[in-house]
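Visitor: Fold the following, please.
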Amino acid sequence: MKIWTSYGAEHSLNLVIIGHFKDAIEAEEFESLVSSLTNFLMNDSDFDVDSDRFSSGMLDYLGKKNLFCLSPQQLGQLLYDMRLEREENKIVISSDDDLNALTSLLIHSGAKVEMFSAHDHPHEEHGR
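Guide: Have a look, this model is predicted:
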């Protein structure tokens, strides 16, 4: 019989990302962008998260949205399990996964970004 003696890093990140926009309209536009992008990814049969290049359809879509700040691997993060909520001029994203794509997208969209683990800051407004 073998006994497992190695370390496993499988744990919940409990990540909270808060994007602060200048006004509620910008926050709403960001929410719409993420929804549109996620729907496109879910319906694009050519999308391959492991690819190092975009399909022509994806390039066309990203060009129309003027989004050139994300790699295929980062775009795949939009398909992870997460919760995105809009609160006036804020976008609050929570997930157990690393979502650096959304951090990049928030910055690209003009947001001031706050990021923390709710494990370490449970008493914050959006801590769990």
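Visitor: which ones are touching the residue most central in space within the chain?
Guide: Nearest residue to the geometric centre of the chain (CA atoms, centre = their mean): L102, 3.1 Å. Counting by CB atoms under 8 Å, 6 or more residues apart in numbering, L102 makes contact with I17, V34, Q77, L78, M82, I93. (Each C-beta comes from the backbone N, C-alpha and C, glycine too.)
Visitor: Any stretches of the chain with poor pLDDT?
Guide: Within the chain, the segments meeting pLDDT under 70 span 1-11, 127-128.
Visitor: in it, which spans are helices?
Guide: 24-43, 56-65, 72-76, 100-108 (DSSP state H).
Visitor: looking at these, which is closest to A118?
Guide: Closest to A118 of the helices of the chain, according to CB to CB: helix 100-108, at 15.9 Å.
Visitor: sorry, back to before: of the helices of the chain, which is nearest E87?
Guide: Comparing these by CB to CB, helix 24-43 comes nearest, at 8.0 Å.
Visitor: Please name whichever of the helices of the chain is nearest to R86.
Guide: helix 24-43 (4.9 Å).
Visitor: for that closest one, which positions count as buried?
Guide: Across helix 24-43, burial judged by 16 or more other CB atoms under 10 Å covers E26, A27, F30, V34, L37, F40, L41.
Visitor: what does stretch 74-82 give?
Guide: Q74, L75, G76, Q77, L78, M82.
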